[in-house]
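Asks: Below is the sequence, then the predicted model.
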Amino acid sequence: MPEFYRVTFDGDELDVLRRGCSRQSDREDQRLDEAASGSLEEVVKQEGLADDMRLIKSTVSIFKPGQAILITKEDLLLIKKCLENIGSPAAEGAAKKIDEAL
């Protein structure tokens, strides 16, 4: 049985999460295109990463500000990865909430 963590984001944090997840999903899709010329193992691995990011992007899109979200550690870590290259107070706030939830 997976363990779930509870986290809540405000509107600004959700906006930055949506943008970050969209960018990360696009990056993984681009890497998948690039991996197509590599080995089968590389393609399969990248396809899994691209699928995971598409799923997280879709998941984050349905969150509402102030909504208590129950989510797995793995998904929270993927969401946090989307915030890595975004330098804003909202991104920092969302990352802090993820760390606190974990």
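Replies: Received the coordinates, thanks. Residues are numbered from 1 along each chain as shown.

Asks: Could you give the separation of stretch 64-79 from the chain centroid?
Replies: Remark: stretch 64-79 is offset 9 Å from the chain centroid, using C-alpha atoms, centre = their mean, to the nearest Å.

Asks: State the mean pLDDT of whatever helix or strand residue 94 lives in.
Replies: For residue 94, the host element (DSSP states H and E) is helix 89-101. Average pLDDT, helix 89-101: 94.

Asks: Begin at 675 from now on, thanks
Replies: Happy to do that; since the first residue is 675 now, the last one works out to helix 763-775.

Asks: mind exporting that helix as PDB, just the C-alpha atoms?
Replies: The C-alpha coordinates for helix 763-775 follow below in PDB (Å, rounded to 0.1, in the frame of the first residue of the first chain):
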ATOM      1  CA  PRO A 763       9.200  33.200  -4.400                       C
ATOM      2  CA  ALA A 764       6.300  31.000  -5.400                       C
ATOM      3  CA  ALA A 765       8.600  28.200  -6.600                       C
ATOM      4  CA  GLU A 766      10.600  28.400  -3.400                       C
ATOM      5  CA  GLY A 767       7.300  28.300  -1.400                       C
ATOM      6  CA  ALA A 768       6.100  25.300  -3.200                       C
ATOM      7  CA  ALA A 769       9.400  23.500  -2.800                       C
ATOM      8  CA  LYS A 770       9.400  24.300   0.900                       C
ATOM      9  CA  LYS A 771       5.900  22.900   1.200                       C
ATOM     10  CA  ILE A 772       6.900  19.700  -0.600                       C
ATOM     11  CA  ASP A 773       9.900  19.300   1.800                       C
ATOM     12  CA  GLU A 774       7.700  19.900   4.800                       C
ATOM     13  CA  ALA A 775       5.200  17.300   3.600                       C
END
